[in-house]
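Student: Provide a 3D model corresponding to the input given below.
(one chain, ligands or ions: 2)
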Amino acid sequence: MDVMWCHIVSLLVIGILAVDSNNVQKSTTVSLKSSDDSLDWWQTAVFYQIYPRSFMDSDNDGVGDLKGIESKLDHLKDAGVTATWLSPIFKSPQVDQGYDISDYRMVDPIFGSNDDLTSLIKKAHDLGIKVILDFVPNHTSDKHEWFVKSNNMTPGYEDYYIWHPKSNNTSSNPPPVPNNWISNFKGSAWEWSEKRQQYYYHNFAIQQPDLNYSNPKVVKEMKDTLTYWLDQGVDGFRIDAVPYLFEDPQFRDQPLADGYTEYDINNADSLNQMYIKDLPKTFDMIYQFREHVDEYVKKNNKNETKVLMTEAYSPIEKQMLYYGSKDGSRKGAHFTFNFNLISDITNPNFTIDELYDAINKWLVYIPSGYTSNWVIGNHDNHRAATRYGKDNVDGFNMLIAILPGVMVTYNGEEIGMEDGEVTCEEGFDPQATKNCSSFNQTSRDFERTPYHWDDSVNAGFNTGHKTWLPVSEKSKEVNLKAQNIEGIYSHYNIYKELMNLRNNFKNSSTIDSLAVIKVNENVLQIVRSRDDAEYILLFNIGDKDETIDFLQAKMYHKVVVSSLKSSYEIG
Ligand code: NOJ
Ligand code: MG
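Tutor: Numbers count the residues shown, from 1 in each chain. Ligands and ions are numbered 1, 2, ... in the order given. Next up, the predicted model:
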């Protein structure tokens, strides 16, 4: 083969590969599947997260809604994604923007009606797009009927939540908080109920009391909730905040976390969260949810897998247990979100080592037989374009498109949306608005501003006078309409091309292997190979052009022929 020299910014090429061996610093090779593995629909899927409050507002009340989403499903089709995950749309006082649910089976009127959801699911299915709902099992709203009853000591509901018995050794009213546990949203995790004369536990906002998973009635209620939505034809669930399902029944104080010398009531990370997070029973609960959903599919002769994806910001060893038990006897989530590209790459000056390590960490730890996934953003983290820098938008979309397994896109990433501009007075995030002096550091409102459809008033999100969060000024420049013009070099056109490549590649029934190669200080190379084609990404994270010699590369991605179901081989 001729030597190929290539000046690259970030480039995805298909063809025969060669890399100058002298340049290569480090590489990893992983075999992905053998010809007898047929992959299920979700294993190569692109999940597109819609944040309903900010996607499309059909009735001009300032908040996005289901009819709005339905009217924009063509965009998802055009983009080429497989499925959409909707952040919570259920009845809620909206203290935590829908993650405080007061009725699991009812759509909140601000989003529309249950009929609107039925209609949306049908239209999505007609277009070949699957619909995933957000399932929030850890806590309800304090306005949920169960909490109201529990607070009132209504028989049968006393133990639906985590209540701490009142201590007899104190005369103060209320008594001191039961222990040192800190809420994820700052402050003590305990709230006093005048009515019940007891403290209840809330890992998130005060208005989000934690359910008691040691109570079989609660477990049954939540499994019934899953069944209810499966009956409505949904294709799976994203499961919220799973590490927090169980708490230490002895309510022991937590020790300081490594690296902390003092207790900070406004920082849950100052404690080692050993008694409230990733408790052994928590994994069992996820396995139970999986069994429940699989049984549903079997019993109802559904011929398609209903997928479970879990949200856990946990140490990697714990993360893997959400996939399934160590001995392989129990299955958990189909995949648990891989947040490493978010957690380990924190600013636009990231290094090639950080990128290489963030990718490898997942590949090294994931047990054989499980499907990887790649996430670069969501409604809880600054937007990818802001964290990685605008120039890296295409590189990261290419990266997660070429890496094996599931790709997740947060709405707006396909057009390179950056964070919006929001002041504390305009913000809603309950973890940030309590204290305006730290709003800029703590608020999640920036990544939640309305989607940029075009450059009209309110960026096409609605035609009314208000939007719940301000529309970003950047929408004039960065919007779908401006990018969706045939033949231009835009984030969106690149994204669509990536989806085409993925769709072609997944039809392969031959050997598939992956090589991750650190070519030099600025260039990462990813190679997906099968016997008839190779997909090569050269991702230049630097700010100048690089010249790469493609020669001799074959040796760096030697195809390791072993099944995904046996073991990974790192070469
Ligand atoms: C994780 C969700 O993604 C986040 O938005 C929410 O505030 C917490 N869980 C509590 O439900
Ligand atoms: Mg809990």
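Student: C-alpha from now on. contacts and neighbour counts both.
Tutor: Will do.
Student: what packs against the host helix or strand of residue 74?
Tutor: Assessed by DSSP states H and E, residue 74 sits inside helix 73-79. Counting contacts by 3 or more CA pairs under 8 Å, 6 or more residues apart in numbering; DSSP states H and E, helix 73-79 packs against helix 491-506.
Student: And the helix it packs on, what does it pack against?
Tutor: Using 3+ CA pairs under 8 Å, 6+ apart, helix 491-506 is in contact with helix 73-79, helix 393-402, helix 480-483.
Student: Ligand 1 is nearest to which of the ones you listed?
Tutor: With respect to ligand 1, and counting by CA to the nearest ligand atom, the nearest of these is helix 393-402 at 20.5 Å.
Student: Mind listing residues that contact that closest one?
Tutor: Here helix 393-402 makes contact (CA atoms under 8 Å, 6 or more residues apart in numbering) with 10-12, 374-376, 384-385, 407, 413-414, 416, 491, 494-495, 498-499, 502, 526, 528, 535, 537, 539-541.
Student: Adjacent strands (with direction) for the following helix or strand past it?
Tutor: The helix or strand immediately downstream of helix 393-402 is strand 406-410, counting by DSSP H and E. In the sheet, strand 406-410 lines up against strand 46-50 (parallel), strand 373-375 (parallel) (DSSP bridges).
Student: hey, C-alpha coordinates of the helix or strand following the first one in PDB?
Tutor: Proceeding N to C from strand 46-50, the next assigned helix or strand is helix 66-71, under DSSP H and E. What follows is helix 66-71 as a C-alpha-only set of coordinates in PDB (Å, rounded to 0.1, in the frame of the first residue of the first chain):
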ATOM      1  CA  LEU A  66     -45.500  16.200  24.500                       C
ATOM      2  CA  LYS A  67     -47.300  17.700  21.500                       C
ATOM      3  CA  GLY A  68     -44.200  19.800  20.900                       C
ATOM      4  CA  ILE A  69     -42.000  16.700  21.000                       C
ATOM      5  CA  GLU A  70     -44.400  14.800  18.700                       C
ATOM      6  CA  SER A  71     -44.300  17.600  16.200                       C
END
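Student: Show me what helix 66-71 is packed against.
Tutor: helix 114-126.
Student: from the stretch 51-200 of the chain, which residue is nearest to ligand 2?
Tutor: Nearest residue of the stretch 51-200 of the chain to ligand 2: residue 138, at 5.0 Å (CA to the ion).
Student: Please name the spatially closest residue to that residue (chain neighbours excluded).
Tutor: Among residues not flanking residue 138 along the chain, residue 245 sits closest, at 5.2 Å (CA to CA, 6 or more residues apart in numbering).
Student: so which residue of the stretch 351-500 of the chain comes closest to ligand 2?
Tutor: residue 431 (17.6 Å).
Student: for that residue, what are its contacts?
Tutor: 185-186, 205, 442-443.
Student: pLDDT wise, what is it at?
Tutor: On pLDDT, residue 431 comes in at 93.
Student: Pull up the gap between it and residue 440, please.
Tutor: 11 Å (CA to CA, to the nearest Å).
Student: what's the answer for residue 367, then?
Tutor: As judged by CA to CA, residue 367 and residue 440 stand 39 Å apart.
Student: go on, residue 374?
Tutor: 27 Å.
Student: Who has more neighbours out of these two?
Tutor: Higher neighbour count among residue 374 and residue 440: residue 374, with 25 against 15, using other CA atoms under 10 Å.
Student: avg pLDDT for the biggest helix by length in the chain?
Tutor: With secondary structure taken from DSSP state H, the chain has its longest helix at helix 280-299. What helix 280-299 shows for mean pLDDT is 98.
Student: pLDDT value on the residue of the stretch 51-200 of the chain found nearest ligand 1, please?
Tutor: Using CA to the nearest ligand atom, the closest approach of the stretch 51-200 of the chain to ligand 1 is made by residue 99 at 4.5 Å. pLDDT, residue 99: 98.
Student: Tell me how far it lies from residue 243.
Tutor: 16 Å.
Student: I appreciate the help and will end here.
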